[in-house]
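Chemist: When you get a sec, could you give me coordinates for this:
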Amino acid sequence: MSKAERRDAARAEALALREKEQQRDRRNRIITLSVLAVALVALGVVVWVILQQGAKKNVDDVPLADVTMPSTAQPDGGIPVGKDGAAGTENADAPVIDVYLDYMCPVCGQFEQTNADTIDEMVAAGDATVVYHPISILDRASQGTEYSTRSASAAAYVADQAPEAFPAFHAALFTNQPAENTQGLTDEQLAGYAEDAGAPADVAKAIEDGTARETFGQYVFSATTEIQKNEGFTGTPYVLVDDTVVSNWNDPSALQQAVDAAAKG
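Modeler: So this is what the prediction gives:
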């Protein structure tokens, strides 16, 4: 083999070796990138699980009687409002209107539109006591923000810390009710409506920073679980007058008639 031939052969061998090395490098890069991609996906799953765990309500299956409730609540968890216009007040010897509600429930919004004025008039006249039971059955319908629990906890916190602001805050939650299957109002918005209703700044701050939910999230969960055990419960709004279900509440005169009938005994 001539010198030129040996040189060409060596060059070809070197090129072949270099191509093999490049192929090996490409293969190693692909393997490395694949491993990194799998690792990133796994890390993403871990982070998602951690975030989901953090987002879950810090609650247990505890009977309602054993949890911290608003100071203005009755033993059954309901928050009464009498003619004094504050949570924790009652109209003595008057029929009781119990309303189980979810602040994201659109049908509860319809109930408010139909009956809020009538309820306010009856309560102001001393003809009835209204007892609100904020529960959470539609957390699944707020894109992971658990709005039903957050709003119910906020209402409970206002009832506990600023009883006189509770009726106006309750009304504001329906006046500004978010649509089902949205994220709902933010904690900052809830805090703003609480302050607008007359709650002090520190109460609003507790709603905004999550203290309200930490304080009464268990109460909301237990109250929800408790009513769901009731065979007569079919969903919100669940309305009773002196323990008798008022199913035709969409008739504007039905609630007044039920209260009048209960008053007559």
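Chemist: only C-alpha atoms for contact and neighbour calcs from this point on.
Modeler: Noted.
Chemist: which one is P80 nearest to, not counting chain neighbours?
Modeler: The shortest distance from P80 to any non-neighbouring residue, by Cα to Cα, 6 or more residues apart in numbering, is to V131 (4.0 Å).
Chemist: What residues sit buried inside stretch 143-162?
Modeler: 145-162 (16 or more other Cα atoms under 10 Å).
Chemist: In space, what's closest to I227 - neighbours in sequence excluded?
Modeler: F233 (6.8 Å).
Chemist: start to end distance for stretch 177-194?
Modeler: One end of stretch 177-194 to the other measures 14 Å (Cα to Cα, to the nearest Å).
Chemist: average pLDDT across that stretch?
Modeler: The pLDDT scores in stretch 177-194 average 98.
Chemist: other SSEs contacting the helix or strand hosting the residue nearest to P80?
Modeler: Using DSSP states H and E, V131 sits within strand 129-134. Strand 129-134 sits against strand 79-81, strand 96-101, helix 106-124, helix 147-161, with contacts defined as 3 or more Cα pairs under 8 Å, 6 or more residues apart in numbering; DSSP states H and E.
Chemist: I'd like these as a markdown table, with distance to V246 appended.
Modeler: Formatted as a markdown table, the helices and strands packed on strand 129-134 follow (distance: least, Cα to Cα, whole Å):
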| stretch | distance to V246 |
| --- | --- |
| strand 79-81 | 18 |
| strand 96-101 | 10 |
| helix 106-124 | 12 |
| helix 147-161 | 23 |
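Chemist: can these go into JSON lines with extra columns for distance to S222 and mean pLDDT?
Modeler: Listed next are the helices and strands packed on strand 129-134 as JSON lines, based on distance: least, Cα to Cα, whole Å; pLDDT from 0 to 100:
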{"stretch": "strand 79-81", "distance to S222": "15", "mean pLDDT": "98"}
{"stretch": "strand 96-101", "distance to S222": "13", "mean pLDDT": "98"}
{"stretch": "helix 106-124", "distance to S222": "20", "mean pLDDT": "98"}
{"stretch": "helix 147-161", "distance to S222": "11", "mean pLDDT": "98"}
